[in-house]
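Asker: Whatever this is, show me its structure:
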Amino acid sequence: MTPDLTDRKALTLHRARASALFLQEEALFEVQDRLSEVNKSFTDKRVVTGFPQVWADFPTIPDAETLDLRPESLDLVVHAMGLHWANDPVGQLVQCRRALRPDGLFIGLMFGGQTLSELRASLGQAEAEVTGGLSPRVLPMAEIRDLGGLLQRAGFALPVADGFTKTVLYRDAFHLMRDLRAMGEGNALQARLRRPTARAVFGRAAEIYAQSYATPEGLIKASFEIITLTGWAPHETQQKPLRPGSAVSRLEDALKAAVKPD
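Answerer: Residues are numbered from 1 along each chain as shown. Take a look at the predicted model:
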């Protein structure tokens, strides 16, 4: 049996203390923008989220390992910024797919593999220099090229994976790490160290970060890649893919292809 990647108890505690939700709000704006492109009304919808306060205009459920969703009960499911913490992301997608009626829409948002690339590199180099080894500190995240395939495995039609990167400026690495805790995105890995890290590791990481990723103004850059997954519950009216295994359609085409004329 594969061990869990995420310590769900620690993740829940981190989220309960979260106060900086600007990236969660970014996800909300992204969903609203995408829904505005769809010529279709959604009457039965759910948002799967660990931050229901951000989604006040949507009915929400927690992003537990087993989702509180009934089969074929919804026409829209949004999985909002929690898939990167899922111990079974394909299982989460399958549960969302089964909850949709035919021609229902799924939108999933998650952090992608380029997220915190600067912090990963700085911490890795610092820990190797100071301790001679590496420990799990930053959540491993999927690459966008692999995620369209996950949608297909879960049974979605017209799968599309796309994304964008938001760059945020901080005073230093310590400011960034404090902000990650305020986002509820602190280290909740099951395999994380359970003892305090030597201060020298973080001090050296801050030096490397400032040397390698500073702006001319002396701030440091932190990258957050937000990937959006879009798929439809299969329906006979939908456009058929040209070849199996393809997930390269433009988002606009995929959204419009699944919408029936009024």
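
Asker: rest of the way, CA atoms for contacts and neighbours
Answerer: OK.

Asker: Packing partners of the helix or strand that residue 93 is a member of?
Answerer: Per DSSP states H and E: residue 93 is located in helix 89-99. The contact analysis (3 or more Cα pairs under 8 Å, 6 or more residues apart in numbering; DSSP states H and E) places helix 89-99 against strand 74-80, helix 144-153.

Asker: deepest of these, which one?
Answerer: strand 74-80 (a mean of 23; mean count of other Cα atoms under 10 Å).

Asker: what does that strand rub up against?
Answerer: Around strand 74-80, the neighbours that count as contacts under Cα atoms under 8 Å, 6 or more residues apart in numbering are 24, 27, 42-49, 63, 96, 99-110.

Asker: then it to PDB, C-alphas only?
Answerer: Extracted in PDB, the C-alpha atoms of strand 74-80 (Å, rounded to 0.1, in the frame of the first residue of the first chain):
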ATOM      1  CA  LEU A  74     -24.600  18.300 -10.300                       C
ATOM      2  CA  ASP A  75     -23.900  20.200 -13.500                       C
ATOM      3  CA  LEU A  76     -20.800  22.000 -12.200                       C
ATOM      4  CA  VAL A  77     -18.000  20.900  -9.900                       C
ATOM      5  CA  VAL A  78     -15.100  23.200  -9.100                       C
ATOM      6  CA  HIS A  79     -12.100  21.600  -7.200                       C
ATOM      7  CA  ALA A  80     -10.400  24.700  -5.900                       C
END
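
Asker: for the record, mean pLDDT for it?
Answerer: The predicted model assigns strand 74-80 a mean pLDDT of 98.

Asker: now do stretch 175-195
Answerer: 89.

Asker: chain center to it: distance?
Answerer: In terms of Cα atoms, centre = their mean, to the nearest Å, the centre of stretch 175-195 is found 16 Å from the chain centre.
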